Every structure is written in structure tokens, then in C-alpha cells.
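J.: A predicted structure for the sequence below; I have some questions about it.
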2 protein chains.
Amino acid sequence: MNKSRVTVVDIARAAGVSKSTVSLVLQASPLVNEATRAKVNAVIRELGYVYNRGAANLRQSASSRIIGIIVNDLTNSFFAELAVGMDMVMQSAGYVQFLSNSAESVDRQREVIASMREHGIAGLILSPARGTEAGDLKPLAASGIPVVAVVRNVVGAKVSTLFSDNYAGAKDAVRHLVSLGHTRIAFLGGIANTTVFTERVEGWRDALSEAGLAAPDRLVIGTAASRAGGVAAIERALLLPEAPTAALCFNDAAAFGVCDGLRAAGKEPGRDFAVVGFDDVIEAETAVPALTTVSVDPQGMGRRAAQLLLKQINAGRVEPETIVSSVRLVVRQSCGAGQTDRTRRISA
Amino acid sequence: MNKSRVTVVDIARAAGVSKSTVSLVLQASPLVNEATRAKVNAVIRELGYVYNRGAANLRQSASSRIIGIIVNDLTNSFFAELAVGMDMVMQSAGYVQFLSNSAESVDRQREVIASMREHGIAGLILSPARGTEAGDLKPLAASGIPVVAVVRNVVGAKVSTLFSDNYAGAKDAVRHLVSLGHTRIAFLGGIANTTVFTERVEGWRDALSEAGLAAPDRLVIGTAASRAGGVAAIERALLLPEAPTAALCFNDAAAFGVCDGLRAAGKEPGRDFAVVGFDDVIEAETAVPALTTVSVDPQGMGRRAAQLLLKQINAGRVEPETIVSSVRLVVRQSCGAGQTDRTRRISA
DNA sequence: GCAATTAATTGGATCGTTCCAAATTTGTCA
DNA sequence: TGACAAATTTGGAACGATCCAATTAATTGC
């Protein structure tokens, strides 16, 4: 009902103390007498006082408790999980987040970064939009705001980076397919000319040559990193003269698409064609067939990124570091090896 | 390199004008001379000045350009899309968002709301965690901050609400299944005792009785509203004495789970059992079989919610309004009717 | 050329908090 | 009890912007 907001001065007047004392109570200072503290707190509750962090921030030279998170595609469940992981850590560390979706637009990303700077973020976690340049992060770095890039890296930018071991993961996956007897193994889906794509293809190529198998370029079919992209990739793959019998897919979304495409072509994934994904999104486990995939634990990665950023914020000025998050192959059914408990139980 | 930040006073000094003039330039006031404006802008760029919105906000009586968004489960692609829709509108209206994930925890939600209040949000869009009470939103309403609840409603709270027509959607879906000749139609997945669940079951029940069919309670199998929940629900459904031949599922995630469960039991969704979902997430279109589902267009809903909130913010004080977003049944393959172009092309 | 307008500019005062140095109260001990 | 230390409390100056009333500069009309 009060048109104007309640301030420390109002509290002070009502409690019969000075505003300085109220301020001390607000920050739980040990300097203030217990009785006074109790009285002030009572008045605070009574008047429905709301702390004004903006005003406090203005005076405090220390950085704010706001951190920015920008993700390139929130509708992709990999990134959504990544964001959730960050959210968990930041929340419990007493930070709030500006979370934004750049939708792969560098312009949009630039705007969001500018807006976040104006709001005085203490740090930024960025899953960069495609085409992000070092210059886009320059102003942040210049004003000493720590930045952590996740999943993708920004070439030339002096920021901490956290990404998964794409090369090793792809290599492991292909080795496994080779051990199952496959000789024509494709790489399906994903957008070429991205660092992540290149690294995974590199792992695929090296695993093949290590096994003495050919790795012809026509077996690498880059499309969108989505379900639809997976469908398109497998359609093209099946038209090849010597069609592959197995595939490592760019990510899980593409892998699901590949399964869809196989079924549409009358082939059963897992039985007639081995499919391996990358990411290990939650659906990978419950899908039928359950997806064999390279697990990168997006939530865990989000948590680690958040921790890294917090460390940098607390340390003041820190040298950028690069963390390669290790991955592991989770063998389920879509590659044709192994069986889960659930399947056995149902078919029994 | 400068340890302390650049302020309007620094700009003023460097440009040889007063800080008031700089302020005028910052807000693009027509009062300032073109030559002066140009000079000031040049200095701003040169010194790398960053506008301090916190300080500005402190003085300005008007509300901030920050809005809060809290979503109950960001890992669910329905809600992720919802958030993206909001993000689009808010971004282009010049607002930034605090986006948080309550993960269905009312405590967490309360903390986040408190934190947002301290940061002076201009409004809040909330997809409430289960168990949210009117009291949780009371303080916001009391301080005149507009709130829009989406997807779920908060009983007793005087806030605007935007949800989809669950009853009509469910009814339409079941009518369609009836028209295909099904007589034993189950309702699978979803958590009972939620408004959304109740409304959808109501639509299911009424469509059945309208067709002169029985709607026994055992055909309603509530589980989690997830892929895993769908698997569990269909497993139980198939064990019933007179097993159903079709199902309306609580949402698309559950519907995918039902498809998985059917395959695991040796039945092909669409051919041996009709499956209909609810939501129309992006994957519904590309899945095999493509999912027949009640389309609620989550992004569109997010956009509408954002527009509603903006309207309320601009209007000052507004009466809470309730908008029921209409839905439409999208017939694809999982219900056994119709064929998409893609399937025909591949099988040809 | 001078008053009357209009266009541009400018010092404070202010927003709600924190910080600092100084003032006050309380407690201790000889 | 008085001196001294410790425990509390406090007024006023920041923080970085905006706003207002007031001032100064430029333009116009006659």
C-alpha cells in the first residue's frame, strides 16, 4: 500500500537506531549487540523491507553476485542440461544468473554481452555461437571480468576453456565398432568447419587407420547437428556404392535421427546397423534401442564450468586455463553389442 | 589498464562538458547539440566507457529493464522451448532476463524469487514448481510487480495466467482415436493430482462417454511425465486383462516412452497400437513414427506470455487476466492414420 | 541594437546502500 | 572512583547515474 519503497532509513527510524546500524545488521556483522539486532530484524520483517542490491552494489567496490550465462541453443537438450548444471552450482554459491540464448547468432550474442556488462556481471560462461571471434570477448577481458568458454573454443581469445575430449571419445567409439567386426564405418551428421566436428572426425580417422582400415572422405557426411540432420545423413549413406554397416554420429540428436532414418528404410538400428552417438543426453538411456554413446555428462560439465568461473572470480586475476574433460564410451544396444536388463526382462 | 572504472564524470572532463550533458547524450536526448553529441560519443568510445545501469536505476523512479523467468524443469524440451520463446520477445523489447530453473523445488523457487526482488525485476514469468502456493507470490503482487503464470496455475493467486486448453485438446485427440475404430483407449503417463493432468483426463473421459464407451479408472495410468514414465505406463497397460489398443499420453516425452515400451514388447507403434502425445515438441515431427500429438506450440506460448507481461508492465496496474491458448491436433503416423511424404518417398 | 524567445548547457541535490573515522556507551581494574 | 580499553553506535561522505531549476549562448523579431 505504501507507494514508496521501504529503505534502511525507514527501518532505522522505526527501530530507533541509525541507518549505519541497520546496515550492519543487514550484513550480519558481529559488531552489533544481540538485542539491537533482534529489534532491527523485527522491524525489517514488520515493514516488509526489501534489500536493494543495486544500491549496495554501487557503493561496494567488490564485484556483484550476478554472473552471465550465454548458451548457443537452449532447445538442444545437451545445452539445456549444461545450463542446469551451471545453475545448480551458481545458485548454491549465492549467485544469480542472467541466462540467455544466443540462438547461434553472433549479433545477438554481442548485444547480450553488452547488456550484461552494463549490469555489472562478475563473470561469464559462454557456449559461443558459431563464428564468435576473439574480439567479441575482448572488452570483457579488458575490464578484468573472467570468462569461461565451454564446449566450443574461441580461437585467439585469452579465456579459460572447458571442453570434452572429442578426439579420444571418437577414437574409442570407432575402436569399439571395429572390435565388433565392422569395416565400413561412417561419420554422420554435424556441421563441418567447426572445431568440435574436426576433432571428432580426426578421432574417427585415426582409429580406422590404426585398424588398417580405409577412411575415405565420402564416409564423412556432414549435415545439421540435429535429429533431422541425422535422418538426412543416413539416407545419403545408404545410397553409397559400398554402404557402411556402422556409424559414429556427431551427437546424440543426430544419432536418434539416424535410427529414425534406418527404420524408415526398413532396417533396425542395433541389429542391421550399428549406431553410436556422442553426448549421452538423458534420452539416450531410455530410447529403444538404448543408445551406445560417448558420455560427456553435460550437467557435470556445466557444474565444472561454474566452479572454474567461481574460482577465477574469487582469485581476482587468474591465468586462463584450459580443461579437457575426459569422456567414456557407454555401451548400450544401438551398436549391436550387449543387452540391458530391461530388454531381457521384457523378452523373458 | 585503468584500475578504476570510467564514469560519466571522466567522460565529461575529457570532452570538456558537464556530466549532465554526458547524461543527456547517453539517453539520446534531442536537447543536445549535434556537434557536442558527436564529441561526447567519440570520447565514450575512446575511453571504453560502460554504462552503469545499477546506478541509473537507483535514481530513476521507473522500473528496471530486468524481468525474471523461472521454469520448473529446463531439461524438459517443452519448457526449454517455452523459455526460448520468452527470450525472443524480451530480448527485442530491450529487456534482459534472470532465467532460473526451480527443478520442481518450491524452496528453491522461493529463494530465486527473493533474490529477483532484491535485484528489482520489473516483472516475473513463472512456470510454477509443483506445490506452489498463492502465498509464495504474495509479496510480489503486494509490491505491484506483475506476474504471469504459465502452463500451470497457482490456485488463489491473483496473477495473470496463460495455459493451453488441455480439456479440448485431450477430447479432440480421443475423438480422433475413436474415429479410427478404437474402443479401448488408455490415458498414459503424467503425475496425478496436478491441474493439467486432471484437465486432460477429463477431456479423455468426456470424449469416451460421448462415444458411448466406458472410461474405467484402470485405463488411467499415472506415472512420471517423462520418457521413462511412458515406458512404465505402457508396460502396466499391456498387462491389463483387456489391454488397450490405443492411448492418449500425458505429454510427448511420455508418448516417446510408450513407443519405446511397445517396441520392447514386440509391437510397432502406429501399426499395432495407436499413440497420441501432447505438446508437439520439435522431435515429434522427425521421430519414427512421426508422433500424432496435440500441438500447443511452446515457443508461441512463451512469446505470448512475454507479451502479456510486457503489456502489464507498461500499463502500470492491470487486472489479472487468464488466457486459454487454443490447441490443435496434428495427425501424423503414430496413431495409425495417414502417412507423411517422407515415408512414402522412402518406401517407393 | 535590444528585448524576447529558443536552444544548450550546467551545478547541485538525490536515489539506497556501504564505509570510515569519530563519538558514545559499557566494562574492567587498580 | 577515575583511567583505560573494549564494545557499540553513529553521522557524513562516497558510489555513478538522473533530474530539476537555473544559467548561459544562440537566434529571432522589430
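T.: Now that the structure is in, tell me what you want to look at. Note that the structure is predicted; figures quoted are calculated from it, not measured.
J.: give me the element A:Ala157 is part of.
T.: Using DSSP states H and E, A:Ala157 sits within no helix or strand.
J.: what's the distance between it and chain B?
T.: Distance, A:Ala157 to chain B, by Cβ to the nearest Cβ, to the nearest Å: 17 Å. For every residue, glycine as well, the C-beta is placed using N, CA and C.
J.: ditto for A:Pro298
T.: Taking Cβ to the nearest Cβ as the measure, A:Pro298 and chain B are separated by 9 Å.
J.: so which helix or strand takes in A:Arg236?
T.: Under the criterion of DSSP H and E, A:Arg236 resides in helix A:227-238.
J.: Tell me which residues of that helix come out buried.
T.: Going by neighbour count (16 or more other Cβ atoms under 10 Å in any protein chain shown), the buried part of helix A:227-238 is A:Arg227, A:Ala228, A:Gly229, A:Gly230, A:Val231, A:Ala232, A:Ala233, A:Ile234, A:Glu235, A:Ala237, A:Leu238.
J.: Go ahead and confirm the last one touches A:Ala265.
T.: Read that as A:Leu238. Yes - A:Leu238 lies in contact with A:Ala265 (Cβ atoms under 8 Å); the separation is 5.9 Å.
J.: Redo the buried residues of helix A:227-238 as TSV? Include pLDDT and distance to DNA strand C.
T.: Shown next, in TSV, are these (pLDDT from 0 to 100; distance: Cβ to the nearest atom of the strand, whole Å):
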residue	pLDDT	distance to DNA strand C
A:Arg227	89	49
A:Ala228	90	51
A:Gly229	94	51
A:Gly230	96	53
A:Val231	94	56
A:Ala232	96	56
A:Ala233	97	56
A:Ile234	97	59
A:Glu235	96	62
A:Ala237	97	62
A:Leu238	97	65
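J.: from the residues you listed, which single one is nearest B:Ala247?
T.: A:Arg227 (23.0 Å; Cβ to Cβ).
J.: tell me the contacts of the most centrally placed residue in chain A?
T.: By Cα atoms, centre = their mean, chain A has its centre lying nearest to A:Leu82, at 3.2 Å. Residues in contact with A:Leu82, defined by Cβ atoms under 8 Å, 6 or more residues apart in numbering or on different chains, are A:Val71, A:Ser127, A:Val150, A:Val151, A:Pro298, A:Gln299, A:Met301, A:Gly302, A:Ala305.
J.: ok, so of the buried residues of helix A:227-238, who is nearest DNA strand D?
T.: A:Gly229 (45.2 Å; Cβ to the nearest atom of the strand).
J.: Out of the buried residues of helix A:227-238, which are close to chain B?
T.: By Cβ under 8 Å from any Cβ of the partner chain, the members of the buried residues of helix A:227-238 lying near chain B are A:Arg227, A:Ala228, A:Val231, A:Glu235.
J.: The third one touches A:Gly261, doesn't it?
T.: Just to be clear, that refers to A:Val231. Yes - between A:Val231 and A:Gly261 there is a contact under Cβ under 8 Å: 4.2 Å.
J.: domain parsing for chain A?
T.: For chain A, automatic domain parsing gives the domain ranges A:8-51, A:66-164+A:298-326, A:166-297+A:330-347.
J.: Give me the secondary structure label for A:Gly68.
T.: Secondary structure state of A:Gly68, per DSSP: H, G, I helix; E, B strand; the rest coil, is strand.
J.: Count the residues that sit near it.
T.: When counting by other Cβ atoms under 10 Å in any protein chain shown, one arrives at 25 neighbours for A:Gly68.
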